[in-house]
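Peer 1: build me a model:
(3 chains)
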Amino acid sequence: MRRRNLFIQLGISIALLALLGLLINNLAVNLIRTGLGLGFGWLARPAGFALAESALPFTPSDSYLWALTIGWLNSLKVIVAGLVLATVLGVAAGAARSSGNRLLSSLAGGYVALIRQVPLLLQLLFWYFVAFLGLPAAPMGGLIKLSNQGIQLLGLNLSVEFCAVLVGLTVFTGASIAEIVRGGINAVPRGQWEAFRSLGLAEGLGLRRIVLPQALPAILPALTSQYLNLAKNSTLAIAVGYADLYAVSDTTITQTGRAIEGFLLLLLSFLLLNLLISGGMAAFNSAVLGRLNRSR
Amino acid sequence: MNRWLDRSITLLILALIGWAGWSLLHWLLVGADWSVVTTNLPLYAVGSFPADQRWRPLLWMAVLITLTLLTLVGPKRGWVRRWLPLAWIAMAPLGLWLLAGGLGLLPVGTRSWGGLTLTLLLTGGSGALALPLGILLALGRRSDLPVLRWSSAGYIELMRAVPLIAVLFFGQLLIPLFLPPGLEINRVLRAVVAFALFAAAYIAEDVRGGLQAIPPTQREAAAVLGLSPVQTLQLVVLPQALRIALPSLTNQAVGLLQNTSLMAILGLVELLGISRSLLANPAFIGRYLEVYLWLAAVYWLACTAMALLARHLEFQLDPVRSSR
Amino acid sequence: MTVAILASDLVKSYTPGLRALDGVSLQVTSGEVLVVMGPSGSGKSTLIRTFNGLETLDSGELDVLGVRLDAAHEERQVRAIRRRVGMVFQQFNLFPHLSILENITLAPIKVQKRSKPDAAARAIALLDQMGIGEQAHKFPAQLSGGQQQRVAIARALALDPEVMLFDEPTSALDPERVKEVLDAMRQLAKRGMTMVVVTHELGFAREVADRVMFMDQGQVVETSDPQTFFTSAREERSRRFLSQMM
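Peer 2: Okay, the predicted model is just below:
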């Protein structure tokens, strides 16, 4: 029995290796044919393209590596802002759905039902071409200055592209988070609500201090996967011309023809992003669970 | 105090909804110019398919809609019920034949495929490939053989770590690099393969969840009756696991349909892609809102129909409810 | 008298140092009803599960219907045994996605390659025997526990087994449902089926058993005819157990 398993495993390993070898062989043949070869020396060469948006100084004479780094930072910027805003929106909508106010809860329900049945890419295009490019050319508003050239928020200058991606990701992810929060809240026994009401606590305070903390352990794992989704979805920024990691990689690959290397770098960058998010969430998770356990 | 606050919030929201609804209605009826939609309906439906051959994709979609309605209404006649699953399975090859031609039909290149037809074909084709692959991966990840377990888990985790657009890009650009020199596969097929490879990883996790929910005593009961491991899997474990996984599989299917829109970025003229090319036409410049609302409505309808079908299936598969 | 099950010195441990079976030897002749009793954790379930290969042995020799099932047994041998040995579990373990009829005909059709009508006719006959013929087209979730357990017995009988194993078949039932299952088992015993029954039902043991075997801590404490066991058990441990049960 055990020996048979060993043989099967050996067979599978050989088949997998053979498949891998065949693919790599084909790759080598194709690379020789096109005269490209593999290597990362091109990373140091000047990129030759400009980036509309960069957190750190960037000129076309800077290297591809620097361009990709700027793209990575741009991705990080929109992802982090999106995580925060989507969480706020999602928790609010989720709480509204399980609130006693029927209008509020059906409004939140309508939001979730509508947003989740329409492709994110379409929503991004809507926010960019209709909502933000539809703004007047001359700035309007006081503290927040809105125009189709950009958004000025308390001295902070945000590009229209950034805003469109941010709002699109927030609204889309918020709907999924709302569902998770609602599920988590519903899982808290009704007796807990009755308990804080009988103590004379206000609804909002009871929700924040009594119900949500108990719902958290059930919510957090699902929330992590939504955060990872948001990070992955941020790559759709290319559709509205926001210079995120994927957009810069795309341009780089098109210019250099270094598809394999470019793809590997993209893969590594995303693994790094995922590690950051899931690591952060794991730390948060254990902190929350630790506090809950201590308070018991 | 609390009730007063509640009421004023309600009133405020009602006023906001009323104002938004009124302005939307006004715009829909007076402000909007729907010619970008109405004059291009054939393009949205079938793309730039040759005009004299348009009946082929249209026929396919008509059969698809009929089948959807037939399934939802739930036919009483036994023979219709028995043939429905087979008819659904036949839809992908039928669509492929009607679109590509051959076997008595005029061949039409994939460049002319487009619109809703292409969206549905991409969804159906990749879904049909991804489901069996996903089931195999889920079984692999739960296998007793470490090599199988590790390679399945590695594949699943890698795929779930990367964004879909990168996988699709990989499919368009890199699949040719990994194939033997003379062998070329066309863009639509490359897209279907890439979608399937991506979706399979997510499906695998949903199926794994279903498998984990089956108590080990079910396997024991099957083993005691002399069923072989393969028979146990096929007759006892998988039917139950898939039924448990059905709601999350539905979400994956709806997600797949929505995600086919990403092919617009990579140059296929499916529903979103054809709209982008229409918006680039000087005759329809600036008609973004009309087009996007129209597209949102079409996607919403298609997604909702899929969700309804899945819920219907869920009901049918629940032995206790459906036997009443 | 032919020997159905012959076991000598069976040893099995799940965790090192703790033996679930600690040198169990026994013999079951065909046509005999052996009732196994003992406190929970005494190894009686483990023992009965080795008889059809659900548990593997660490050492010892086991012969079931002429097939050897020792520590190094082959998958194929086990499957051959399972077709000839039926088993009924504490938790019924019916297949929830199949109708009652399909539950019973699954193995005859797929394992014994019988025709569908043939298997169905046999299934209906067995259900009638169990007094639940009218339930054939329902699903397990629609039946009471007692009915489900009778279906489970019919499912095992559909393969025409030579030996039937019962692993606490009434422990998960409501008290008022116990009798209907025991009645079905009694009938089976009357028709000469070889049975090994793990149970706490003293009445059933006294009335139906040919022999009672008492186990504790993985060992056989004593094996006697029911008359002796219930009135004058040889061992102190048996007597203590019986006094707790009654």
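
Peer 1: pLDDT score for residue 117?
Peer 2: Since no chain was named, I'll use chain A. A:Gln117 is assigned 90 on the pLDDT scale.

Peer 1: chain B is the one I meant
Peer 2: Looking at B:Thr117, the pLDDT reads 89.

Peer 1: pretty sure it sits against B:Ser48.
Peer 2: No: the pair B:Thr117 / B:Ser48 is not scored as a contact, 11.2 Å apart, by CB atoms under 8 Å. From N, CA and C alone the C-beta is placed, and that goes for glycine too.

Peer 1: more neighbours, those two?
Peer 2: The residue with more neighbours, out of B:Thr117 and B:Ser48, is B:Thr117; 26 against 15, by other CB atoms under 10 Å in any protein chain shown.

Peer 1: secondary structure element holding the residue nearest to the more buried one when sequence neighbours are not counted?
Peer 2: Closest residue to B:Thr117 apart from its sequence neighbours, by CB to CB, 6 or more residues apart in numbering or on different chains: B:Pro57 at 4.1 Å. Element membership of B:Pro57, judged by DSSP states H and E, is helix B:55-73.

Peer 1: what's the first helix or strand after the helix or strand harbouring B:Arg3?
Peer 2: Using DSSP H and E, B:Arg3 maps to helix B:2-26. Once the chain leaves helix B:2-26, the next helix or strand it forms, by DSSP H and E, is helix B:35-38.

Peer 1: okay, that following helix in CSV with CA atoms only?
Peer 2: Extracted C-alpha coordinates of helix B:35-38, given in CSV (Å, rounded to 0.1, in the frame of the first residue of the first chain):
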residue,chain,number,x,y,z
SER,B,35,-29.3,57.2,-30.0
VAL,B,36,-25.9,55.8,-29.0
VAL,B,37,-27.7,52.8,-27.6
THR,B,38,-30.7,52.4,-30.0
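
Peer 1: chain center to the helix or strand where B:Arg190 lies, what's the gap?
Peer 2: Assigned by DSSP H and E, B:Arg190 belongs to helix B:187-213. From the chain centre to the centre of helix B:187-213 is a distance of 12 Å (CA atoms, centre = their mean, to the nearest Å).

Peer 1: quick one: list the elements packing against the helix holding B:Pro57.
Peer 2: helix B:41-46, helix B:78-100, helix B:115-141, helix B:288-317 (3 or more CB pairs under 8 Å, 6 or more residues apart in numbering or on different chains; DSSP states H and E).

Peer 1: in the stretch 101-250 of chain A, which spans are helices?
Peer 2: A:102-116, A:120-125, A:160-187, A:190-198, A:203-206, A:212-233, A:245-256 (DSSP state H, counting those that start in this stretch).

Peer 1: restrict the shortest one to CA atoms and write it as PDB.
Peer 2: The C-alpha atoms that make up helix A:203-206 are tabulated as PDB, following Å, rounded to 0.1, in the frame of the first residue of the first chain:
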ATOM      1  CA  GLU A 203     -28.200  52.300  19.900                       C
ATOM      2  CA  GLY A 204     -25.100  53.700  18.400                       C
ATOM      3  CA  LEU A 205     -23.000  53.300  21.500                       C
ATOM      4  CA  GLY A 206     -24.300  49.800  22.100                       C
END
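
Peer 1: chain A contacts on chain C?
Peer 2: C:74-75 (CB under 8 Å from any CB of the partner chain).

Peer 1: any idea how far the residue of chain C found nearest chain A lies from C:Val64?
Peer 2: Closest approach of chain C to chain A (CB to the nearest CB) occurs at C:Glu75, with a separation of 6.3 Å. For C:Glu75, the distance to C:Val64 equals 15 Å [CB to CB, to the nearest Å].

Peer 1: my read is that B:Ser151 contacts B:Ser143, right?
Peer 2: No: applying CB under 8 Å, one finds B:Ser151 not in contact with B:Ser143, separated by 9.9 Å.

Peer 1: any stretches of the stretch 1-150 of chain B with poor pLDDT?
Peer 2: Along the stretch 1-150 of chain B, segments meeting pLDDT under 70 span B:1-2, B:74-78.

Peer 1: change it to 90
Peer 2: Within the stretch 1-150 of chain B, the stretches with pLDDT under 90 are B:1-14, B:16-17, B:20, B:23-57, B:61, B:64-115, B:117, B:124-125, B:128, B:143-148.
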